[in-house]
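>>> here is my input; please provide its structure:
(one chain, ligands or ions: 2)
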Amino acid sequence: MALSVIQACRSLALSTWLLSFCFVHLLCLDFTVAEKEEWYTAFVNITYVDPDTAEVRTEKTECGRYGEHSLKREARGVLAMPATTQDRQACDPNSRFTPRAHGAWIALISRGNCTFKDKIRHAVGHNASAVVIFNVGSSNPNETITMPHPGTSDVVAIMIPEPKGRELVLLLERNITVHMHITIGTRNLQKYVSRTSVVFVSISFIILMIISLAWLVFYYIQRFRYANARDRNQRRLGDAAKKAISQLQVRTIRKGDQETESDFDNCAVCIEGYKPNDVVRILPCRHLFHKGCVDPWLVDHRTCPMCKMNILKALGLTSSAECLNELPMDYELAVGGVALNAMVMSDDVMGGDVAGGA
Ligand SMILES: [Zn+2]
Ligand SMILES: [Zn+2]
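Ligands and ions are numbered 1, 2, ... in the order given. Okay, here's the model as predicted:
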């Protein structure tokens, strides 16, 4: 029964452990998913007539990035920027845009001074069909970000890198009509491992490690204590057995004794028959064996090899400590340290009993 309790405890501990691990990992997964960001690149196709050579020039690059709240669709029109050089950032609600052709137009605005949302709202207020904001002040010239612009999600808004923006501004300043066509590029999925989740995972991992280490240390200390107590008990039981053996009857087989007859049982230890002059030990259960065979057996086992009768009990030398010998190794772990102390104490009491009994 003790064994099944131990097994139940072990499987419970293991399943608790596994469950907590799964729980932690699920939480981590949740965190990672929460830190996932989806963004789209934009192909920016510009067409203009070079005034020097009168050639039509077309450039197409995947340099843009759609804003977080932007419509993910294509847009086309003539490029226009705020009319005054002081207001390239379109932070003033009254910013004027001067498209160089009729029809759909796209606003080209510099980043900075006000929010993306404000710039987009001002441009849309002047009927822009899309908004292109170029990055400013970035250490990496090709850098763009996914612009957040909540509340202005009914328009196409993209960001382009600073050099591309400056190039377009120069063209517009030379009064060149630039046609722009924005199309959806590649879908990107970016996963962040946020600082919070790293800290969370580390802390939970450390806690789990500490718990398991503490459990391991506890387990081995208990094992060690139990083994010690068992060894001591074994020694005392051996001493008690020697005393008991000295009280048992010894006889020498004579010629013509019934033990020498061929139908008499052999010695159960060495499986040899008894011959005249053999010295035999007679146990309280009346079973007899060669003295040289049964004495070492009794020191180790304290029971009759035939009927399992306990000689300590039969001679009244028994004590509660005898039970400890029969306990499985894990019993102590199942019942905890208190029981062990009780056993060690009863062990000491037993020592007194044996001395008294002898
Ligand atoms: Zn024998
Ligand atoms: Zn017996």
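>>> and the chain, which residues reach ligand 2?
With the criterion set to Cβ under 5 Å from the ion, the chain comes near ligand 2 through 285, 287, 304, 306, 307, 309. C-betas here are computed from N, CA, C, even on glycine.
>>> could you look up the SS state of residue 157?
At residue 157, secondary structure determined by DSSP: H, G, I helix; E, B strand; the rest coil is strand.
>>> contacts only, for it.
66, 67, 69, 70, 116, 120, 130, 131, 132, 133, 147, 149 (Cβ atoms under 8 Å, 6 or more residues apart in numbering).
>>> generate TSV for those, with neighbour count as supplementary columns.
As requested, the contacts of residue 157 are exported to TSV (neighbours: other Cβ atoms under 10 Å):
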residue	neighbour count
66	24
67	28
69	19
70	27
116	23
120	29
130	27
131	28
132	26
133	28
147	25
149	21
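>>> of the residues you listed, which belong to helices?
Taking DSSP state H, the ones among the contacts of residue 157 that sit in helices are 116, 120.
>>> between the contacts of residue 157, which is nearest residue 44?
Of all the contacts of residue 157, residue 132 has the smallest distance to residue 44: 7.7 Å, by Cβ to Cβ.
>>> about what we covered before: pick out the most distant pair among the contacts of residue 157.
Pairwise distances among the contacts of residue 157 were taken by Cβ to Cβ; the largest, 15.4 Å, belongs to 69 and 132.
>>> the helices in the stretch 1-150 of the chain, which residues?
2-34, 116-125 (DSSP state H, counting those that start in this stretch).
>>> list only buried entries from the residues of the chain next to ligand 2.
287, 304 (16 or more other Cβ atoms under 10 Å).
>>> picking up where we left off before, the helices of the stretch 1-150 of the chain: lowest mean pLDDT?
Mean pLDDT across the helices of the stretch 1-150 of the chain is lowest at helix 2-34; the value there is a mean of 67.
>>> low-confidence ranges, the chain, go.
For the chain, residues meeting the criterion pLDDT under 70 lie at 1-5, 7-8, 22, 24-36, 192-193, 319-358.
>>> tell me the residue in it that is farthest from the middle.
Here the chain reaches farthest from its C-alpha mean at residue 256, the gap being 78.3 Å by Cα atoms, centre = their mean.
>>> could you measure from that residue over to residue 71?
119 Å (Cβ to Cβ, to the nearest Å).
>>> ok, residue 195 next?
33 Å.
>>> repeat that for residue 177.
25 Å.
>>> ligand 1 versus the nearest residue to residue 285 once chain neighbours are set aside, what's the distance?
The shortest distance from residue 285 to any non-neighbouring residue, by Cβ to Cβ, 6 or more residues apart in numbering, is to residue 309 (4.4 Å). Computed as Cβ to the ion, to the nearest Å, the residue 309 to ligand 1 distance reads 18 Å.
>>> repeat for residue 118
106 Å.
>>> before we move on, back to that, okay if I get the contacts of residue 157 as JSON lines plus distance to ligand 1?
Below are the contacts of residue 157 laid out as JSON lines (distance: Cβ to the ion, whole Å):
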{"residue": "66", "distance to ligand 1": "96"}
{"residue": "67", "distance to ligand 1": "98"}
{"residue": "69", "distance to ligand 1": "97"}
{"residue": "70", "distance to ligand 1": "99"}
{"residue": "116", "distance to ligand 1": "101"}
{"residue": "120", "distance to ligand 1": "105"}
{"residue": "130", "distance to ligand 1": "107"}
{"residue": "131", "distance to ligand 1": "106"}
{"residue": "132", "distance to ligand 1": "106"}
{"residue": "133", "distance to ligand 1": "103"}
{"residue": "147", "distance to ligand 1": "98"}
{"residue": "149", "distance to ligand 1": "100"}
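>>> return the subset of the contacts of residue 157 lying in strands.
66, 130, 131, 132, 133 (DSSP state E).
>>> surely the third one touches residue 155?
Yes: judged on Cβ atoms under 8 Å, residue 131 makes contact with residue 155 at a distance of 6.3 Å.
>>> let's have the residues of the chain next to ligand 2 in TSV, adding secondary structure.
Output for the residues of the chain next to ligand 2, formatted as TSV (three-state DSSP):
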residue	secondary structure
285	coil
287	coil
304	coil
306	coil
307	coil
309	coil
